[in-house]
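Colleague: The following comprises the amino acid sequence and a computationally predicted model.
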Amino acid sequence: MLLEDLAQKEFFTIGEIKRLCGVPEYSVRYWEAEFGLIKPVRKASGHRRYTRADADVILKIKDLVYRQKLTLEGAKKILLGRAKEVASAPAGNKKLLTEIYETLSQIIKE
């Protein structure tokens, strides 16, 4: 999948997420259950449709687990800790969001 395709799409199937992120489908489903940060939309048929935000979270998990060699527990602490910081941060605090965005952008370019 090309980055141009990514920019035009709003929802992705699990197969597209697998190809985009380079992780097996079972990992995506496991991370979805384990982290609670990935929340795909379910179609009437029961199929998952992932958003760009879901893809960003999956790429971040992949980075933490595969490149930074963290355990899933360590990755969970980092991601859930950041999610809590963002939720409790004032609206003007964009430093953390900018850092996350830059990291995810770098991962996508690789």
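Modeller: Cool, got the structure.

Colleague: Start from the N-terminal end of the protein and give the strands.
Modeller: Taking DSSP state E to define them, one finds strands in the chain at 11-12, 41-42, 48-51.

Colleague: can I get these in TSV with mean neighbour count?
Modeller: For the C-beta atoms, the positions are set from N, CA and C on the backbone; glycine is no exception. TSV is the format used below for those (neighbours: other CB atoms under 10 Å):
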stretch	mean neighbour count
strand 11-12	18
strand 41-42	10
strand 48-51	19
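
Colleague: and Leu59, what does it touch?
Modeller: With contact taken as CB atoms under 8 Å, 6 or more residues apart in numbering, Leu59 is in contact with Cys21, Leu104, Ile107, Ile108.

Colleague: Cross the residues you listed against helices and list the overlap.
Modeller: Cys21, Leu104, Ile107, Ile108 (DSSP state H).

Colleague: Which pLDDT value does the model give the last one?
Modeller: Meaning Ile108. pLDDT, the model's per-residue confidence, is 78 for Ile108.

Colleague: out of everything not next to it in sequence, what's closest to it?
Modeller: The spatially closest residue to Ile108, leaving aside those adjacent along the chain, is Leu59, at 6.5 Å (CB to CB, 6 or more residues apart in numbering).

Colleague: Tell me how far the one you found lies from Ala44.
Modeller: When distances are taken as CB to CB, to the nearest Å, Leu59 and Ala44 turn out to be 28 Å apart.

Colleague: Please name the bridge partners of the residue lying closest to Lys43 once chain neighbours are set aside.
Modeller: Nearest-residue entry for Lys43: Arg49, 6.1 Å, with adjacent residues in sequence omitted and distances by CB to CB, 6+ apart. Taking DSSP bridges, one obtains Val41 as the residues bridged to Arg49.

Colleague: Spit out the contact partners of Arg49.
Modeller: Applying CB under 8 Å, 6+ apart, one finds that Arg49 lies in contact with Phe11, Phe12, Thr13, Pro40, Val41, Arg42, Lys43.
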